[in-house]
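1. Let me see the structure of the following:
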Amino acid sequence: ASLPKDNSVPTNTKDVSLVFAERSETKILPLPTKEKLMTLLFNAKSAEDNPLGTFERIFIASSSTSTDDIQSAEFFAAIEAKVPATFARSLKGTMMIGLHTYSKTIPFLMFRTESYEQTFDGMLRWESSMRESLSPFFDLGATTTLALPFEGAIIQNRDARVVRNQQGEIIFLYAFPDEKTLVITEHPDTFIEILRRLGSTKSIGG
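-> Presented below is the predicted three-dimensional model:
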């Protein structure tokens, strides 16, 4: 079940978006499991109807009266991510599940970290099963895609870890816009747009 789309952060929520989003939508999921959570997010992505170039934030609430979004520890527990305990502890509670309407609807995840080194080490350890954990919200096509290796890359002067298809195109990546923020997404242009929005926010805030 879901509540109507809205252009604002839910009233009285403890959370704030990690990057500006034009729209938001709240989904109700009392007891998130991997299958339920990823199916809910996949369906939200499939139903996406936003104008091109817009961001939408998906809130995962435990009930229709809750204004609190899912937290990072709960998210990783729900998807049964094979990550070290130090990784989970390195992340702050606030996270953002988002959709970028581009040539297609691109999913992204954002997290805040209190320890860049521990978070990056945890991501390296998670690489072997990360894409499986995030499927089908992240659409990686053929099963053979899951076996494609990560490699280092530079995107907008940021170090990134990327997966390329047979044509050399980036189809999955994670990177740090700064030492306090982690982004996971499918397309480099989504990461670049996140960088632009983060830069705009910093400029406005001084």
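2. Just list whatever residues bridge to the residue nearest to the spatial centre of the chain.
-> Against the mean C-alpha coordinate of the chain, by Cα atoms, centre = their mean, the closest residue is Leu109 at 0.8 Å. With DSSP bridges as the criterion, Leu109 is bridged to Ile97, Ile184.
3. and it, what does it touch?
-> Met95, Met96, Ile97, Gly98, Leu134, Val183, Ile184, Thr185 (Cβ atoms under 8 Å, 6 or more residues apart in numbering). C-beta coordinates here come from the backbone N, C-alpha and C atoms, glycine included.
4. Likewise for Lys82?
-> Lys82 neighbours (Cβ under 8 Å, 6+ apart): Arg125, Trp126, Ser128, Ser129, Ser133.
5. Do me a favour and get the end-to-end distance for stretch 133-151?
-> Start and end residues of stretch 133-151 are separated by 19 Å (Cα to Cα, to the nearest Å).
6. Residues in contact with it: which ones?
-> 34, 38-39, 41-42, 45, 79-82, 107, 109, 126-127, 131-132, 161-165, 171-172, 184, 186.
7. got the contact list for Asp189?
-> Tyr102, Ile106.
8. So which bits of the helix or strand harbouring it are buried?
-> Assigned by DSSP states H and E, Asp189 belongs to helix 188-205. Within helix 188-205, the residues that count as buried by 16 or more other Cβ atoms under 10 Å are Pro188, Thr190, Phe191, Glu193, Ile194, Leu195, Arg197, Leu198.
9. any idea how far the second one lies from Phe111?
-> Taking Cβ to Cβ, to the nearest Å as the measure, Thr190 falls 15 Å from Phe111.
10. Quote the end-to-end distance of stretch 59-78.
-> End-to-end distance of stretch 59-78 (Cα to Cα): 15 Å.
11. For that stretch, the averaged confidence score.
-> On average, the pLDDT along stretch 59-78 is 90.
12. And stretch 17-25, by the same measure?
-> Per-residue scores along stretch 17-25 average to 91.
13. can you check stretch 123-131 too?
-> In the prediction, stretch 123-131 has an average pLDDT of 94.
14. quick one on the thing from earlier: want to throw the contacts of Lys82 into a markdown table with distance to Thr26 and neighbour count?
-> Converted to a markdown table, these look like this (distance: Cβ to Cβ, whole Å; neighbours: other Cβ atoms under 10 Å):
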| residue | distance to Thr26 | neighbour count |
| --- | --- | --- |
| Arg125 | 33 | 15 |
| Trp126 | 28 | 18 |
| Ser128 | 33 | 13 |
| Ser129 | 29 | 14 |
| Ser133 | 23 | 18 |
